[in-house]
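K.L.:
Quick check, what structure comes out for this input:
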Amino acid sequence: MAAMAYKAINTLDSMIGYRDERYFHFGRAAARIDDVANYIPARLSAVCIVAASTFTTGRLRPALRTCLADARKHLCPNAGFPESAMAGALGVQFGGEATMEAKLSIAR
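P.N.:
Numbers count the residues shown, from 1 in each chain. Here you go, the predicted structure:
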């Protein structure tokens, strides 16, 4: 039952959780409920990524440091935690310009 409720919350956020005029009030509620539902899982994911970096890349300290320094800089209150932990674990920088030209130059 809990998994079905979580999926419903996630789907509702995906469908109407936008910042446009049409769904502003209803979409904002869906986005906030999704943020609450993902609060603990996002942080647990970051902890798991940092721990795994010890055995995979040997970059425990950079992963932890990057997560603590950059996680709250993300627009989404939850996405920054696993993303910044992974960036530190891999020794890369995520973000920046995301245009089609930038994607094509990376692919080459």
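
K.L.:
domain ranges for the protein?
P.N.:
Annotated domains of the chain cover 1-37, 39-95 [automatic domain parsing].

K.L.:
Determine which stretch of those is the most buried.
P.N.:
Compared across those, domain 39-95 shows the largest average neighbour count, a mean of 17 (mean count of other CB atoms under 10 Å). Where C-beta positions appear, they are placed from N, C-alpha and C, glycine not excepted.

K.L.:
average pLDDT across that domain?
P.N.:
Mean pLDDT, domain 39-95: 94.

K.L.:
What distance separates the opening and closing residues of that domain?
P.N.:
One end of domain 39-95 to the other measures 22 Å (CA to CA, to the nearest Å).

K.L.:
Secondary structure element holding Gly88?
P.N.:
helix 80-90 (DSSP states H and E).

K.L.:
starting at the chain centroid, how far to that helix?
P.N.:
Chain-centre distance of helix 80-90: 9 Å, with CA atoms, centre = their mean, to the nearest Å.
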